[in-house]
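Chemist: requesting a structural model of the entry that follows:
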Amino acid sequence: MVFIIAVNTALVGLLGAAVTSSSGGGTVLTVVVGAVVAVIFFVLSLWLGGRRYFQLWPTWRAVNPTGPQQEAAPRPD
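Modeler: From the prediction side, this is the model:
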C-alpha cells in the first residue's frame with residue numbers, strides 16, 4: 001500500500017508542478033507547489049488508508065482459519 005501511495009504521490013506532485021509551470025510560475029514556485037501538493041497527498045493517503053485499516057482490523061475474522069476452530073486469544077493493545 002505504501003509503495004502505491006509513494007508512486008501516486010510522485011505523480012500528483014509532478015502534476016501540481018506541471019500546472020504551475022504551464023501557468024507561468026517560476027522555477028522556485030513550481031518546485032514549492034509540487035512539493036507541497038505531494039506532501040499533502042501523501043499524508044492524506046496514509047491517513048485515509050490507515051483509518052480504514054484500523055477500523056477493519058478489530059472486527060476481522062478469518063474466513064477459513066487454520067488449525068482447530070476456537071475463540072482467538074485477545075490481542076494486547
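Chemist: now do the helices in this protein.
Modeler: Assigned by DSSP state H, the helices in the chain fall at 2-22, 27-56.
Chemist: what sits up against the shortest one?
Modeler: Residues outside helix 2-22 that contact it (C-beta atoms under 8 Å, 6 or more residues apart in numbering): 29-31, 33-38, 41-42, 45-46, 49. Backbone N, C-alpha and C define where each C-beta goes, glycine included.
Chemist: do that again at 6 Å, thanks
Modeler: 30, 33-34, 37-38, 41-42, 45 (C-beta atoms under 6 Å, 6 or more residues apart in numbering).
Chemist: tell me the gap between it and the middle of its chain.
Modeler: Chain-centre distance of helix 2-22: 13 Å, with C-alpha atoms, centre = their mean, to the nearest Å.
Chemist: thinking again about what came up before, want to try JSON lines for the contacts of helix 2-22, with distance to Phe54 and pLDDT as columns?
Modeler: Formatted as JSON lines, these follow (distance: C-beta to C-beta, whole Å; pLDDT from 0 to 100):
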{"residue": "Thr30", "distance to Phe54": "36", "pLDDT": "96"}
{"residue": "Val33", "distance to Phe54": "32", "pLDDT": "96"}
{"residue": "Gly34", "distance to Phe54": "30", "pLDDT": "96"}
{"residue": "Val37", "distance to Phe54": "26", "pLDDT": "97"}
{"residue": "Ala38", "distance to Phe54": "24", "pLDDT": "97"}
{"residue": "Phe41", "distance to Phe54": "20", "pLDDT": "97"}
{"residue": "Phe42", "distance to Phe54": "18", "pLDDT": "96"}
{"residue": "Ser45", "distance to Phe54": "15", "pLDDT": "95"}
